Each structure stands twice: as structure tokens, then as C-alpha cells.
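Student: Structure of the sequence below:
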Amino acid sequence: MSIPKTSPGVVNFSQEKGSVEIREIEKPIIGEDDVLLEVMNVGVCGSDLHQWTSDHSWTVNYPVVLGHEFGGIIAELGSRVSGWKAGDRVVSETAAIINPASPLSRTGLYNLDPDRKGFGYGVNGAMTKYVKVPARCLHHVPDELPFEQACLTEPCCVAYNAVVNNSHIKPGDRVIVLGPGTIGILCAAMAKLCGAEVAIVGLESDLHRLNIAKQYGCIPIVGDATEWAMKKDGLGADFIIDAAGASITLKIAMQLVRPNGHITKVGWGPQPLGFSLDPLVQKNVTLKGSFSHNWPIWEKVIGLLASGALDVKPIIGGVWPIDQWHEAFEKMHKGEVVKSVLKP
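Tutor: Prediction:
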């Protein structure tokens, strides 16, 4: 099958609010260590919405094709690529550019490399038919895992890193997740897999998403979670996962966590705090950030998805063709669906 010279793509073309539109994107020219990937499905991330509404807090290389949650089929291989072949079903990590000589990259923590640039903001992403991907980013997708689900490996890896690697949640722990977005619900689902008792907190407007979290065995709470946090012994929850996109939730986390407890912040909130961090000191609380993921996490998560131990079907609100991106974005932005998926 011949590959077209151009394909429509969802492009964020400036910092002005609403600066996203469909544009024709030239077929990428791959390097010797890259593959050309034919995109089967791409998830819409909250960061895509933030760039659309221009309330993001990271540097964007405009114009850029959006999309970093994706899977597809290898169409072409660079001259130095080995271990892969055309037709392979794959998903891709997000670290499109890294410095391999960085001390962090050398220890496998390339996700924390200061020179890292990701798909959808640093380089062209996958909301188009073909995307250039470094072969080092690829992971095999088993035949039994549909691309509509496989494309959500990336947010699942964010949740795995936050809950398993950075929080070390154990069976019997009592966990509160703040924010019932994609990452919050997946963090709650991951904590359940770890054997924890989990409550997830949102607003009245989040009822639909809280009910989806309930399908994962989580306790949905609207508003104040103090009663649930304190019901065991009056001291608070063992772990708080802050997956909300507002800084004020950290203040709530400090109120709900027990002395010597743990807060993991995975949600971005660029607003100034405007409150004291003294409760962290008084309670001897550990506060830890969690960012992105790396190779071993992806392998673990693909195994969970393929086996059915982690089921992402409940969070998928629909699949839209690429030219209906605006409806897919709007439905997520309004909270009508947890996760929109596009099909280029």
C-alpha cells in the first residue's frame, strides 16, 4: 500500500486560546534509528485540552501535531533499526527526544532527563495518520489487545508510576484519590490492584466520572472526604494521591493524610499555593511528585492490559474520527466522558 504524501492532523498552532485546527501534515521523514508508524488510535489527554485552552504550564514548539497516547502498525523502518518489522503492532513511549549521555538516561530515568521533549508539545505527535517514532520507544502489543485500549497504555503507566513506584501502596492501605479524571481513576484502579481500600473524591459535576470509578471497586465521594479519612482511627488516610489539576487540592491532601503518611502529587496545578506547608512538618508527612514513566513500567502495564487485570474499557467514552476532534475534546473538557479516543 502506498503512503500518501500528506494526511490531516490536529495541530496546535499558537499560544492563543483555541488555536487548534485540522491541517494537512506532510509524511514524516524518518532517520536511521526511527520507524514510521501508521497510527491506529490516539487518546486525548488532559494536556492536549490544556494546550487547546492555553492554560498549560510547559513550553510548546508551535506549530505541533497534538497527541502522545497512541498505538499503531509499523509502516517503514530506518536503516539501523533491528528487532522490528513492518506490520508489527506497537505502542510508543512519549520521550521522543532524550539525551542518552545524561546521567538520568544512563540509569534508565530518561523520563526525568531535563533535555527530554515529548510527542505533542516538543515534536509532532500522533493525531494524524503517520508519525515518526524512535525505535527505542516501541513496545509490542499482543494481538488480543485492541488498539482502542492499547493506546491508553501511556496514562496507565502514569498511574502505575505514581501508585506502585512512587507510593509503594500495600494491601490494606487506605488511599484517597483526589480528582476523578483519567489519571485519578486509573490511579484508584491501580491502588485497588495493590490491595488497598480506595476512595475517590470529586465535585457534584463529577458524578458521572465518580460512578465510573465505582466500577473499579472504589468508594465515590462528593466534596468533603474527612469522614472517610478519619473513620478507622481518627488519624487520616495512609496515602493521598493528588490527581487534580488545581493547587488547592494539596491543602486538602494535607488535611486528610495521617501523621507519617504519604502524599503523591501527580496532577499539574500551576497556580500559586497561597497556603502554608507547615502541616507537612507537623505531621511528618512525605510529599512526593510523580512524573511520566520508563521502559519497565510500560512492559508491566501492557501485561496488565493484555491479561485483563487492568480494564480501561469503562473509561473510554467513545471513538471519533480525526475530523471530529473538536467534539471529542469538548466532551472531555465538559466532563461528559472520561477519555476520548481518536481514529486517524
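
Student: Report the central residue of this structure.
Tutor: The residue lying closest to the centre of the chain (Cα atoms, centre = their mean) is residue 155, at 2.8 Å.

Student: That residue sits in which helix or strand?
Tutor: helix 153-160 (DSSP states H and E).

Student: so for that helix, what's the average pLDDT?
Tutor: Per-residue pLDDT over helix 153-160 has a mean of 98.

Student: residues making contact with the helix or strand just after it?
Tutor: Of the helices and strands lying after helix 153-160 in sequence (DSSP H and E), the nearest is strand 174-178. Contact with strand 174-178 is made by 169, 184-185, 187-188, 191, 196-201, 213, 218, 225, 228-229, 232, 237-244, 249, 252-253, 256, 267, as judged by Cβ atoms under 8 Å, 6 or more residues apart in numbering. In short, each C-beta sits where N, CA and C put it, glycine included.

Student: Filter these down to the buried ones, PyMOL style.
Tutor: Applying 16 or more other Cβ atoms under 10 Å to the contacts of strand 174-178 leaves a buried subset, and the PyMOL line that selects it is:
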select buried, resi 169+184+185+187+188+191+196+197+198+199+200+201+213+218+225+228+229+237+238+239+240+241+242+243+244+249+252+253+256+267
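
Student: Quick one: the helices in the stretch 101-250 of the chain, in order.
Tutor: With DSSP state H, counting those that start in this stretch as the criterion, the stretch 101-250 of the chain has helices at 103-106, 147-150, 153-160, 182-193, 207-214, 226-230, 248-256.

Student: Outside of the second one itself, list whatever touches it.
Tutor: So the one you mean is helix 147-150. Against helix 147-150 from outside (Cβ under 8 Å, 6+ apart): 40-41, 71-72, 89, 91, 141, 302, 305, 312-313, 316, 319, 341.

Student: mind redoing it with 7 Å?
Tutor: Here helix 147-150 makes contact (Cβ atoms under 7 Å, 6 or more residues apart in numbering) with 40-41, 71, 91, 141, 305, 312-313, 316, 319, 341.

Student: List the ones among those that fall in helices.
Tutor: Among those, the ones falling in helices (DSSP state H) are residue 305.

Student: what number of residues lie near the nearest residue to residue 230 once chain neighbours are set aside?
Tutor: Excluding the flanking residues, the one nearest residue 230 by Cβ to Cβ, 6 or more residues apart in numbering is residue 236, at 6.3 Å. The local packing of residue 236 (other Cβ atoms under 10 Å) involves 22 other residues.

Student: Look up how far residue 99 lies from residue 236.
Tutor: 41 Å (Cβ to Cβ, to the nearest Å).

Student: One more: residue 270?
Tutor: Distance from residue 270 to residue 99, by Cβ to Cβ: 25 Å.

Student: what about burial for the contacts of helix 147-150, which qualify?
Tutor: Buried, going by 16+ other Cβ under 10 Å: 40-41, 71, 91, 141, 305, 312, 316, 341, out of the contacts of helix 147-150.

Student: one step back: quick one: distance of the helix holding residue 155 to the chain centre.
Tutor: The chain centroid and the centroid of helix 153-160 are separated by 6 Å under Cα atoms, centre = their mean, to the nearest Å.

Student: and if you look at stretch 239-251?
Tutor: For stretch 239-251, the distance to the chain centre is 16 Å (Cα atoms, centre = their mean).

Student: Surely residue 139 and residue 88 touch.
Tutor: No: judged on Cβ atoms under 7 Å, residue 139 makes no contact with residue 88 at a distance of 10.3 Å.

Student: Give me the residue ranges of the stretch 1-150 of the chain where confidence is low.
Tutor: Applying pLDDT under 70 to the stretch 1-150 of the chain picks out residues 1.

Student: rerun at 90
Tutor: Counting by pLDDT under 90, the stretch 1-150 of the chain has low-confidence residues at 1-2, 55-58.

Student: Over to the stretch 151-300 of the chain?
Tutor: For the stretch 151-300 of the chain, the stretches flagged by pLDDT under 90 are 245-247, 268-273.

Student: With distance to residue 13 added, can I get the contacts of helix 147-150 in TSV?
Tutor: What follows is the contacts of helix 147-150, written out as TSV (distance: Cβ to Cβ, whole Å):
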residue	distance to residue 13
40	25
41	24
71	26
91	27
141	31
305	34
312	31
313	34
316	28
319	25
341	23
